[in-house]
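Peer 1: Generate a structure from the sequence data that follows.
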Amino acid sequence: MADRTEYDQFVVDRSPRLLRVAYLLTGDWAAAEDLLQTALVKVWFAWSRVRGDAEAYVRRTIVNTYLSWRRRRWTGEIPQAVPERVEAADRVTQYVERDALWRMLAELPRRQRAVLVLRYFEDLTEAQIAETLHISVGTVKSQASKGLAKLRAHPALADRRDEKELIR
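Peer 2: Prediction:
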């Protein structure tokens, strides 16, 4: 019973943060919830064997499940949520920029996307990412570099590059 109570408390405490990781990987709240639930079910069956940092273990399970889902199915759909009510022009700009970022992330190969999400949204170190994805630190560095280069070269950022050049 202690294992069940411990697991339940872990899920209550950590689900919001883990859901964010799942959302950043999928770009869709419904898919993120499905991904998190699937990962938590897998972890429940292995809970008695989890040692050390349980959150890292669950995060690894989320990423691995996401990668296997991406191998199996592609819906071809990119989410396009429109806010119900826009309060100010700044919110519109933030939404457009955030939407553009999600679209650009969705275009990256799954491993590059996973590396960038874990590095820049979850603030994991290169070593932690390597451990999570079962790849070398060098591969983490190269995937991050390639992913960032693709994001920088993306046409959606052309306006931003032009603005920066005008400021200089």
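
Peer 1: quick one, what contacts residue 111?
Peer 2: 67, 133, 135, 143 (C-beta atoms under 8 Å, 6 or more residues apart in numbering). For the C-beta atoms, the positions are set from N, CA and C on the backbone; glycine is no exception.

Peer 1: Flag the shaky bits of this structure, pLDDT-wise.
Peer 2: Applying pLDDT under 70 to the chain flags residues 1-2, 70-96, 157-168.

Peer 1: let's see it at 90
Peer 2: In the predicted model, the chain carries pLDDT under 90 at residues 1-5, 24-28, 46, 48-53, 67-107, 110, 120-123, 132, 150-168.

Peer 1: hey, where'd the helices end up in it?
Peer 2: Using DSSP state H, the helices of the chain run over 2-26, 29-46, 54-72, 89-107, 110-116, 126-133, 137-153, 158-167.

Peer 1: Show me what the first one is packed up against.
Peer 2: The one in question is helix 2-26. Here helix 2-26 touches helix 29-46, helix 54-72, going by 3 or more C-beta pairs under 8 Å, 6 or more residues apart in numbering; DSSP states H and E.

Peer 1: 10 Å instead?
Peer 2: With contacts taken as 3 or more C-beta pairs under 10 Å, 6 or more residues apart in numbering; DSSP states H and E, helix 2-26 sits against helix 29-46, helix 54-72, helix 89-107, helix 110-116.
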